[in-house]
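Undergrad: just a sequence and a predicted model for now, questions to come.
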Amino acid sequence: MPNFKRARPTIGILPGWSGLAGIIPDRYLASVLKGIQSAARVKQCHLLLGWGLGRVDQSNGATYPAWPQVTPDSDFVPVGPWNTDGLIVFAPLRHEARSRYLQELRDQGFPVLSIATGEKGPTISTDNAGGIHQAVAHLVEHGHRHIAFVAGDPTDKGDSLTRLQAFYAALAGHNLETDPALIAHGWHTFSGGYAAAEHMIDVGVKFTALIASDDNCAVGAMHAIRDKGLHIPDDVAVIGFDDQPDAMAQIPPLASIHVPLALIGEQALALMFDHLVAGSELASVQIPTRLVPRQSCGCMPKFVSLAGKRRQTSELFASHADSEVNDLQTIQQKIVAEMLATLPPASLFPLGERTNRLCTRLVEAFHISLKEKGAAPFQSALMAILQDLESAAEDIDSWQNIVSVLRREMTHLPVVWSRARTQHLAEDLLHQARTAISESAQRQDNRHQYEWEIAAQAISELTARLSASLDERQAVQVLEVQLPSVGIRHVRVALYERDEVDAVTWSLLLNSHAEEASQRFRTREFPPVGLYPENELLNLVLVPLVFQDESFGYVAFDAGNLGPCEILARQLAATFKAARLHAQVLELSLTDALTGAYNRRYFDLFLNNEVDRSQRFGRTLGIMMLDIDHFKAYNDTFGHQVGDKALQLIARCLQQERRTADVVARIGGEEFALILPETGVLGAILVAEKIRVAIQQASAALKRPLTLSIGISTLQGTDIDAEVLVQQADLALYEAKGKGRDQICVFNNAKSFHEQT
């Protein structure tokens with residue numbers, strides 16, 4: 001049985017860049033992570049995800065990733081070889097030291113798998129060259145001869161370089177000239193794609209089509225093209241790469257080289273899991289790609305083109321044209337297969353069997369309605385299917401393609417098609433289906449908008465509550481109470497405690513109810529035993545707590561909803577910074593600048609609270625007033641600077657000799673006070689005697705020995721307030737001075753105890 005860090009395998013996920021940089025969400029990362037998380041649930045293994053905040057290095061414009069090393073250009077989080085059994089890393093890293101770190105882990109035998117090319121070792125990659133060749137060939141078929149290319153990162157020797165080289169090769173394969181002016185780098189970002197397309201248009205270089213190395217660049221380029229007054233695809237056709245979820249949302253919808261992002265994540269997790277559990281080889285895998293034509297390249301929407309092929313026979317049926325195909329079940333299966341072929345992979349993963357069942361149900365109901373010459377069976381089945389899809393939050397628009405396939409292939413169903421009534425009924429049913437699908441998709445959009453507005457309001461309220469918190473534990477309490485409203489099940493906040501050489505050696509778990517001493521653990525052992533239930537499957541995202549350049553610690557969120565994590569981590573870090581500044585200001589306002597002891601204001605506040613608490617719970621309470629004997633003469637003789645040093649020395653003695661719960665305050669020029677919680681007369685006298693002896697010993701460092709007169713008062717009864725208690729201690733102090741100074745006197749109604757030294 002393999003030896004894992006926990007009962008189940010724990011797999012760490014480290015993107016080589018920050019997924020939270022800029023205002024455009026990184027849908028590539030999010031889509032691949034969905035596949036990883038889905039497969040982790042199936043395989044029953046733990047996930048620890050490091051997620052950077054998007055801080056930018058001003059020297060080179062790169063973002064700070066979350067990384068398992070403490071370096072000046074990354075934000076440390078505890079996701080590394082010490083608390084995981086294997087790491088999945090998103091390439092490219094674009095960083096020699098980080099690449100070297102991963103190679104050292106591999107050399108030590110620790111499993112590391114890369115997603116995307118650019119790093120040594122086992123890799124899950126996509127067929128970059130094949131995808132670019134498909135894009136160029138498609139544009140050439142549309143008649144384009146001047147094709148621009150927005151490349152990725154010039155420092156990336158992985159996907160960016162491979163796609164650029166494939167573009168050169170594809171142009172040569174179609175006998176097209178390579179114009180250097182038609183190639184610009186967009187860094188796989190929206191802003192980079194915008195700048196690249198804008199530059200090419202501004203310099204007047206001729207191009208009628210543009211391919212981008214990824215969808216982020218492509219979307220940026222589309223915005224630049226429109227801003228320059230050009231039309232897509234009439235003036236410039238555009239094709240992206242990756243087919244991220246936002247491609248369909250563009251105007252017009254973006255044609256793209258489809259990469260099954262969720263499938264990449266699923267396969268990466270499965271490869272690592274099988275390696276850890278069964279010892280399978282951690283081998284490199286290449287995922288095929290395919291072009292998805294859409295309006296941005298000049299193609300009609302798929303459901304429109306499919307609907308126009310009613311009298312064409314599909315390849316599936318044409319291959320059986322010479323044989324008798326009379327079996328109804330066989331015909332239905334072939335139609336369903338055609339339907340499934342039109343759906344995007346996201347609709348089939350991981351619910352392919354369920355989608356197959358829904359398509360079969362639709363075809364069967366359509367056939368029954370045509371046979372019985374009534375719409376009810378089909379309508380009933382369609383409504384149930386749409387309700388099922390809406391409940392599962394699946395893509396409904398793609399079912400227009402299924403209706404188009406049904407229209408194209410319906411004449412293969414065994415009904416009497418020569419009757420006009422049958423044909424009219426079929427067309428009516430399909431028209432009803434298109435209308436119902438459109439209405440269902442609109443409902444889904446409205447529901448998503450409604451849910452988004454609720455979530456945005458919840459996040460707004462939560463961040464407002466956080467920003468109003470002036471205490472770190474209060475902020476954590478706000479998080480613990482409010483997080484479920486934004487779709488995050490739980491959170492843990494940990495602050496770093498450094499030792500002599502390492503700034504992140506220890507973590508202190510911060511929550512609203514636990515004692516700090518019981519929540520301290522070594523950072524690289526996160527999560528410590530007992531922090532989460534042993535039987536809970538961990539799916540955690542660790543986000544650094546950083547404000548400007550100051551690192552406080554990290555936040556471990558449930559990773560079921562990554563969206564709000566960045567906002568909350570940023571706000572929490574800002575709240576912690578404000579809370580610490582507030583505490584510093586408060587400390588300055590409540591402490592004596594010369595001695596570091598508390599001032600009179602703090603003494604009054606604390607004493608009032610302690611009197612109330614002692615009376616409420618029947619506890620004892622003592623206070624002590626202390627005055628330096630003949631200090632004015634000492635000050636006049638040796639000067640104020642020497643006098644200040646004497647005050648500082650005496651304050652240090654008081655702090656050293658007090659007990660942990662006691663409070664030392666300077667309440668006048670040479671007058672100090674101690675508050676002694678849960679202390680009676682004898683306890684107060686013992687503390688006073690220790691202080692008096694300590695002052696005697698410390699006086700050797702002074703220009704002349706100094707002594708203290710001390711008056712003690714203790715709480716008696718419930719009718720004495722703080723002011724009376726102070727007056728009593730003052731009376732005892734005056735008595736000590738009257739007795740010859742260097743005395744300890746205790747107030748006891750009109751009678752006082754005193755000790756002559």
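TA: Nice, thanks for sending it over. Numbers count the residues shown, from 1 in each chain.

Undergrad: how close does residue 227 get to residue 220?
TA: Note on residue 227: its distance to residue 220, by C-beta to C-beta, to the nearest Å, is 11 Å. Bear in mind the C-beta positions are built from the backbone N, C-alpha and C, glycine included.

Undergrad: thinking residue 4 is in contact with residue 86, fair?
TA: No: contact between residue 4 and residue 86 fails when scored by C-beta atoms under 8 Å: they sit 9.9 Å apart.

Undergrad: higher neighbour count, these two?
TA: For residue 4 versus residue 86, the count of surrounding residues by other C-beta atoms under 10 Å is larger for residue 86: 23 against 16.

Undergrad: leaving out sequence neighbours, find the closest residue to that one.
TA: residue 111 (3.8 Å; C-beta to C-beta, 6 or more residues apart in numbering).

Undergrad: secondary structure class for residue 443?
TA: helix (DSSP: H, G, I helix; E, B strand; the rest coil).

Undergrad: got a list of what it touches?
TA: Neighbouring residues of residue 443 by C-beta atoms under 8 Å, 6 or more residues apart in numbering: residue 390.

Undergrad: how much space between it and residue 272?
TA: For residue 443, the distance to residue 272 equals 40 Å [C-beta to C-beta].

Undergrad: for the stretch 351-500 of the chain, just list every one of the helices.
TA: Applying DSSP state H, counting those that start in this stretch to the stretch 351-500 of the chain gives helices spanning 352-372, 376-391, 399-409, 420-467, 472-482.

Undergrad: now render these as TSV, adding distance to residue 588.
TA: TSV is the format used below for the helices of the stretch 351-500 of the chain (distance: least, C-beta to C-beta, whole Å):
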stretch	distance to residue 588
helix 352-372	64
helix 376-391	58
helix 399-409	66
helix 420-467	23
helix 472-482	19
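
Undergrad: most tightly surrounded among those helices?
TA: Across those, averaging neighbours per residue (mean count of other C-beta atoms under 10 Å) puts helix 399-409 on top, at a mean of 24.

Undergrad: so for that helix, mean pLDDT?
TA: For helix 399-409, the mean pLDDT works out to 91.

Undergrad: ditto for stretch 682-689
TA: Across stretch 682-689, the average pLDDT comes to 93.

Undergrad: one more: stretch 723-736?
TA: Stretch 723-736 carries an average pLDDT of 94.

Undergrad: buried sites along that stretch?
TA: Using 16 or more other C-beta atoms under 10 Å as the test for burial, stretch 723-736 gives 725, 726, 728, 729, 730, 731, 732, 733, 734, 735, 736.

Undergrad: residue 123 and residue 4, how far apart?
TA: In terms of C-beta to C-beta, residue 123 sits 24 Å off from residue 4.

Undergrad: and for residue 478?
TA: Using C-beta to C-beta, residue 478 is found at 36 Å from residue 4.

Undergrad: what's the answer for residue 685, then?
TA: Taken as C-beta to C-beta, the span from residue 685 to residue 4 is 60 Å.

Undergrad: can you check residue 126 too?
TA: Computed with C-beta to C-beta, the distance linking residue 126 and residue 4 is 31 Å.

Undergrad: again, but for residue 589
TA: Distance of residue 589 to residue 4, given as C-beta to C-beta: 52 Å.

Undergrad: state whether residue 747 is indeed within a helix.
TA: No: with three-state DSSP as the criterion, residue 747 is assigned strand and is not in a helix.

Undergrad: okay, and the helix or strand of this protein with the least pLDDT?
TA: Of all helical and strand segments in the chain, the minimum by mean pLDDT, DSSP states H and E falls on strand 751-755, at a mean of 43.

Undergrad: can you give me the end-to-end span of stretch 662-682?
TA: End-to-end distance for stretch 662-682: 15 Å, by C-alpha to C-alpha, to the nearest Å.

Undergrad: the residue nearest the centre of the chain: what's it in contact with?
TA: Geometric centre of the chain, nearest residue: residue 565, 3.9 Å, by C-alpha atoms, centre = their mean. By C-beta under 8 Å, 6+ apart, the contact list for residue 565 reads 51, 488, 541, 543, 555, 557, 559.

Undergrad: can you redo these as TSV with distance to residue 195, pLDDT and neighbour count?
TA: As requested, the contacts of residue 565 are arranged in TSV below (distance: C-beta to C-beta, whole Å; pLDDT from 0 to 100; neighbours: other C-beta atoms under 10 Å):
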residue	distance to residue 195	pLDDT	neighbour count
51	27	91	30
488	36	88	22
541	31	95	27
543	30	93	26
555	34	94	25
557	34	93	27
559	33	91	23
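
Undergrad: on that earlier part again, the more surrounded of residue 227 and residue 220?
TA: Applying other C-beta under 10 Å to residue 227 and residue 220 shows that residue 220 carries more neighbours, namely 26 against 12.

Undergrad: element containing the more buried one?
TA: Using DSSP states H and E, residue 220 falls within helix 215-227.

Undergrad: now do that helix: which elements does it pack against?
TA: Contacts defined by 3 or more C-beta pairs under 8 Å, 6 or more residues apart in numbering; DSSP states H and E place helix 215-227 against helix 27-43, strand 147-151, helix 190-202, strand 209-212, strand 237-242.

Undergrad: minimum distance to residue 339: which of those has it?
TA: Residue 339 lies closest to helix 27-43 among the helices and strands packed on helix 215-227, at 23.5 Å (C-beta to C-beta).

Undergrad: helix or strand next in line after the closest one, which one?
TA: Remark: after helix 27-43, the chain's next helix or strand is strand 46-50, criterion DSSP H and E.

Undergrad: paired strands for the next helix or strand after that next one, with orientation please.
TA: Downstream of strand 46-50, the next assigned helix or strand under DSSP H and E is strand 66-67. Using DSSP bridges, strand 66-67 pairs in its sheet with strand 75-76 (parallel).

Undergrad: need the contact partners of the partner strand.
TA: Contacting residues not belonging to strand 75-76 are listed as 52-53, 55, 64-70, 504, 544, 546, 551, 554 [C-beta under 8 Å, 6+ apart].

Undergrad: switch the cut-off to 10 Å
TA: 18, 50-55, 63-70, 496, 503-504, 523-524, 542-546, 551, 553-554 (C-beta atoms under 10 Å, 6 or more residues apart in numbering).

Undergrad: now list the buried members of these.
TA: Neighbour-count burial (16+ other C-beta under 10 Å) is assigned, among those, to 18, 50-55, 63-68, 496, 504, 523-524, 542-546, 551, 553-554.

Undergrad: hmm, residue 241 and residue 128 touching each other?
TA: Yes: the pair residue 128 and residue 241 qualifies as a contact (C-beta atoms under 10 Å) at a distance of 8.1 Å.

Undergrad: of those two, who's got more company?
TA: Taking neighbours as other C-beta under 10 Å, residue 128 and residue 241 compare with residue 241 leading, 30 against 25.

Undergrad: for that one, give the beta-bridge partners.
TA: residue 257.

Undergrad: which one is residue 534 nearest to, not counting chain neighbours?
TA: Among residues not flanking residue 534 along the chain, residue 7 sits closest, at 6.6 Å (C-beta to C-beta, 6+ apart).

Undergrad: report the contact partners of the one you found.
TA: Residue 7 makes contacts with 46, 534, 535, as judged by C-beta under 10 Å, 6+ apart.

Undergrad: ok, now residue 256?
TA: By C-beta under 10 Å, 6+ apart, residue 256 lies in contact with 131, 135, 211-212, 214-215, 218, 238-244, 246-248, 250, 289, 291-294, 296-297.

Undergrad: do you know how far it is from residue 83?
TA: To residue 83, residue 256 is 38 Å away according to C-beta to C-beta.

Undergrad: same deal with residue 738?
TA: Here the criterion is C-beta to C-beta. By it, residue 738 lies 68 Å from residue 83.
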